[in-house]
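Trainee: Need coordinates for the below:
(one chain, ligands or ions: 1)
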Amino acid sequence: MSFDPEKISEETLDKYREYVNPSMANLLKFGGFAVPEKDAYGVYIRDIAGNEYLDCVGGYGAFSLGHLHPRVVQAVKDQLTKEALKSHYFMSTELADLCELLAKVTPGNLQYSFICNSGTEAVEGALKAARVHTGRPGFVSAQNGFHGKTFGGLSVSGREVYKQAFYPLLPNVKNVPFGDTQAMAEAVDNTTAAVILEVIQGEGGVILPPDGYLQEVRNICDQQGALLILDEVRTGFGRTGAMFASEHYGVVPDIVTMAKALGGGVMPVGAFSATAPVWHSLFDKNPYLHSSTFGGNPLACAAALAAIQTTIDEDLVNRSATLGGKMLQKLQEIAVKHPEYIKEVRGKGLLAGIEFSVDDFAALVITVCGKKGLLVAYSLNNPKVIRIEPPLIISEEELDRAISIIDESVSETAQLIAGIS
Ligand code: PLP
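Mentor: Down below sits the predicted model:
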């Protein structure tokens, strides 16, 4: 029987309608993306129809090393010949090595780590650790912040549209404007276990903290005896041109959450790291107070160890800073050409956002880019912003090609909108 991509696409779309998510099936069909992926390598994804796409969505930040980085793949293959998952009866050298490496690369004195399977689980663990350490119930987080979609992560996230269907969420959560020191000072008190913030809001539309903001938040936490949790699920491991984005701002958290790039684009891995005092509160009375069957499994640890080591050996943090600076400048040149449609271009390292001033412009640009072979991302908490998150291994030529496709796509969308209005 001959291979028929159209038939496979139709059948897969039907299964999405019947068994996965009917409304997502309609959205994919509407956007022209109702075709299955076939394979991916480096900065490219191919669909089963043979089209190749330059991937600047990067799995929402998971593909900092691109797809199937050979070192991470090899590490996972080697581990598979030994043991995939643990019995939990004995110790794990892979887990011990990964936690040791995290202690070295995370900011400040975050000595201990718990390895889990996703970003939202890392946030759950961090919130629990903050509660048990402080004995306080409350959390303060930022409007338009994004911390995942389990109950805890959702509770501290800041966009109502994803929360309202699930109330009651965690009580004692205050949500204040990101960047507003006064509002933060008013919200944090002696009932606050922790403030949780992204260093740079990703799903909120690549919002950078104003100068001095994070230091002020740190001071407010210290004055009130609250912990500071920085969520670096998206920004960790070189994405913003520093190993952790908090380094740009000279702020050290009590707990940091990580995921995405930690798995090297090969395994799902999350983690939270904290100071020794926080860890003693979490585990001294009961080493199983927080646990996970799959969290910290040898395959995941092997992938994470290889991913971090590759990031260091290939100097990807500096590469992200250098390429990111060039990317931002070129995107700003595009903005100058379209002052009526582009409100702002923002970014740090290889995390950039273009904010449009017209509704639906971002969605149209994403679609046009897709048709031209470039994948860029929609921002869940700020639909007027497209995000560009290329793998840190992207070549300068590939990045230039991505930027010219964005340039063309913005111009074509502007013409389309001008024609309609
Ligand atoms: N925290 C941040 C800052 C994120 O960007 C995300 C996901 O985009 C999460 C948490 C949740 O991660 P996951 O989707 O792996 O649960």
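Trainee: which parts of stretch 36-54 are buried?
Mentor: For stretch 36-54, a neighbour-count test (16 or more other C-beta atoms under 10 Å) marks Ala40, Gly42, Val43, Tyr44, Ile45, Asp47, Ile48, Tyr53, Leu54 as buried. For every residue, glycine as well, the C-beta is placed using N, CA and C.
Trainee: Kindly apply the preceding question to stretch 318-327 instead.
Mentor: Within stretch 318-327, the residues scored as buried using 16+ other C-beta under 10 Å are Arg319, Ser320, Ala321, Leu323, Gly324, Met327.
Trainee: And the one helix or strand Lys15 maps to, what does it pack against?
Mentor: Assigned by DSSP states H and E, Lys15 falls within helix 5-15. The contact analysis (3 or more C-beta pairs under 8 Å, 6 or more residues apart in numbering; DSSP states H and E) places helix 5-15 against helix 22-31.
Trainee: what packs against the following helix or strand past the helix it packs on?
Mentor: Helices and strands here follow DSSP H and E; after helix 22-31, the next one along the chain is strand 37-41. In terms of contacts (3+ C-beta pairs under 8 Å, 6+ apart), strand 37-41 is packed against strand 44-47.
Trainee: Give the partner strands of the strand it packs on in its sheet and their orientations.
Mentor: Strand 44-47 pairs in its sheet with strand 37-41 (antiparallel), strand 52-55 (antiparallel), by DSSP bridges.
Trainee: outside of the first one, which residues touch it?
Mentor: Just to be clear, that refers to strand 37-41. Strand 37-41 is contacted from outside by Ile45, Arg46, Asp47, Ile48, Asp55, Gly66, His67, Leu68, using C-beta atoms under 8 Å, 6 or more residues apart in numbering.
Trainee: check contacts around Leu316.
Mentor: Neighbour list for Leu316: Ser64, Leu65, Gly238, Thr310, Leu392, Ile393 [criterion: C-beta under 8 Å, 6+ apart].
Trainee: rerun that using 10 Å as the cut-off
Mentor: Contacts for Leu316 (C-beta atoms under 10 Å, 6 or more residues apart in numbering) come out as 64-65, 237-239, 241, 243, 261, 310, 323, 350, 391-393.
Trainee: ok, now Asp4?
Mentor: For Asp4, the contact set (C-beta under 10 Å, 6+ apart) comprises Glu10, Glu11, Ile48.
Trainee: re the thing from before, how far does the helix holding Lys15 sit from its chain's centre?
Mentor: Centre-to-centre, helix 5-15 and its host chain are 30 Å apart (C-alpha atoms, centre = their mean, to the nearest Å).
Trainee: For the residue in the stretch 101-250 of the chain that the ligand sits nearest to, give me the pLDDT.
Mentor: At 2.2 Å from the ligand, Gly119 is the closest residue in the stretch 101-250 of the chain, using C-beta to the nearest ligand atom. Here, the pLDDT recorded for Gly119 equals 98.
Trainee: what about it, neighbour count?
Mentor: For Gly119, the neighbour count with other C-beta atoms under 10 Å is 32.
Trainee: That one reaches Gly152, doesn't it?
Mentor: No: Gly119 is beyond contact range of Gly152, at 11.8 Å (criterion: C-beta atoms under 10 Å).
Trainee: Give the rounded mean pLDDT of the longest helix along the chain.
Mentor: If you go by DSSP state H, the chain has its longest helix at helix 396-420. Averaging pLDDT along helix 396-420 gives 94.
Trainee: Dump the C-alpha coordinates for the one helix or strand Ile229 maps to into PDB.
Mentor: Per DSSP H and E, Ile229 falls inside strand 227-231. Backbone C-alpha positions of strand 227-231 (Å, rounded to 0.1, in the frame of the first residue of the first chain) are rendered in PDB as follows:
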ATOM      1  CA  LEU A 227      10.700  33.100  50.700                       C
ATOM      2  CA  LEU A 228      11.400  34.100  47.100                       C
ATOM      3  CA  ILE A 229      10.700  31.400  44.500                       C
ATOM      4  CA  LEU A 230      11.900  32.300  41.000                       C
ATOM      5  CA  ASP A 231      10.400  30.200  38.300                       C
END
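Trainee: Does the ligand have contacts with that strand?
Mentor: Yes: against the ligand, strand 227-231 shows contacts by C-beta under 6 Å from any ligand atom at Asp231.
Trainee: Within its sheet, name the partner strands of that strand and how each one runs.
Mentor: Strand 227-231 sits in its sheet next to strand 192-198 (parallel), strand 255-258 (parallel), going by DSSP bridges.
Trainee: what residues does the helix or strand following the first one touch?
Mentor: The reference is to strand 192-198. Once the chain leaves strand 192-198, the next helix or strand it forms, by DSSP H and E, is helix 213-224. Residues from elsewhere that reach helix 213-224, judged by C-beta under 10 Å, 6+ apart: 134, 136, 140, 142, 178-182, 184-192, 194-195, 197, 199, 209-210, 226-230, 245-246, 248-254.
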